[in-house]
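Enquirer: Next one to model:
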Amino acid sequence: MKMQKSNSLDAQRNRLLEHLKAFGSGTTIELRRDLDVMMPAARVHELRHQFGENITTIWTRQQTESGKLHRVAKYVLQNDGAV
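Expert: Presented below is the predicted three-dimensional model:
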């Protein structure tokens with residue numbers, strides 16, 4: 001039996017932060033699809049304001065699985081205060 005991962009706010013924030021640390025960035029579409037974080041903007045806001053993480057938002061266009069192009073946020077974890 002496959003164990004289901006928690007969807008608590010803490011678990012979602014942790015998954016998102018670990019992803020950003022491992023890969024440097026992630027888009028709204030990727031974070032929803034791959035990490036099961038349905039409101040990435042809210043979790044990023046919490047990471048910034050409650051935990052002091054330096055995460056930049058870059059607006060980009062990304063194609064969904066249905067082939068439609070959308071304007072989406074790409075969240076980038078900044079290291080050493082670089083922007």
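Enquirer: what are the ranges of the strands in this structure?
Expert: Using DSSP state E, the strands of the chain run over residues 25-27, 55-63, 69-77.
Enquirer: Give me the contact list for the shortest one.
Expert: Just to be clear, that refers to strand 25-27. The contact list for strand 25-27, computed with Cβ atoms under 8 Å, 6 or more residues apart in numbering, reads 16, 19-20, 34-35, 40, 60, 62, 72-77. The way it works is simple: take the backbone N, C-alpha and C, and place the C-beta from them, glycine included.
Enquirer: least confident pick among these?
Expert: Among those, Gln62 carries the lowest pLDDT, at 93.
Enquirer: The helix ranked longest in the chain packs against which elements?
Expert: The single longest helix within the chain, with elements called by DSSP state H, is helix 9-23. For helix 9-23, the packing partners by 3 or more Cβ pairs under 8 Å, 6 or more residues apart in numbering; DSSP states H and E come out as strand 25-27, helix 28-35, helix 40-49, strand 69-77.
Enquirer: so how far is the third one off the chain centroid?
Expert: Per Cα atoms, centre = their mean, to the nearest Å, the displacement of helix 40-49 from the mean C-alpha position of its chain is 9 Å.
Enquirer: which ones are touching Phe23?
Expert: Not one residue lies near Phe23 by Cβ under 8 Å, 6+ apart.
Enquirer: Output the below-cut-off pLDDT ranges for the chain.
Expert: Residues of the chain meeting the criterion pLDDT under 70: 1-4, 80-83.
Enquirer: how near is Arg15 to Arg71?
Expert: 24 Å (Cβ to Cβ, to the nearest Å).
Enquirer: For stretch 44-57, buried residues please.
Expert: For stretch 44-57, burial by neighbour count (16 or more other Cβ atoms under 10 Å) applies to Val44, Glu46, Leu47, Glu53, Ile55.
Enquirer: contacts for it?
Expert: Residues outside stretch 44-57 that contact it (Cβ under 8 Å, 6+ apart): 9, 13, 16-17, 20, 73-79, 81, 83.
Enquirer: can you do 6 Å?
Expert: Arg13, Ala73, Tyr75, Val76, Leu77, Gln78 (Cβ atoms under 6 Å, 6 or more residues apart in numbering).
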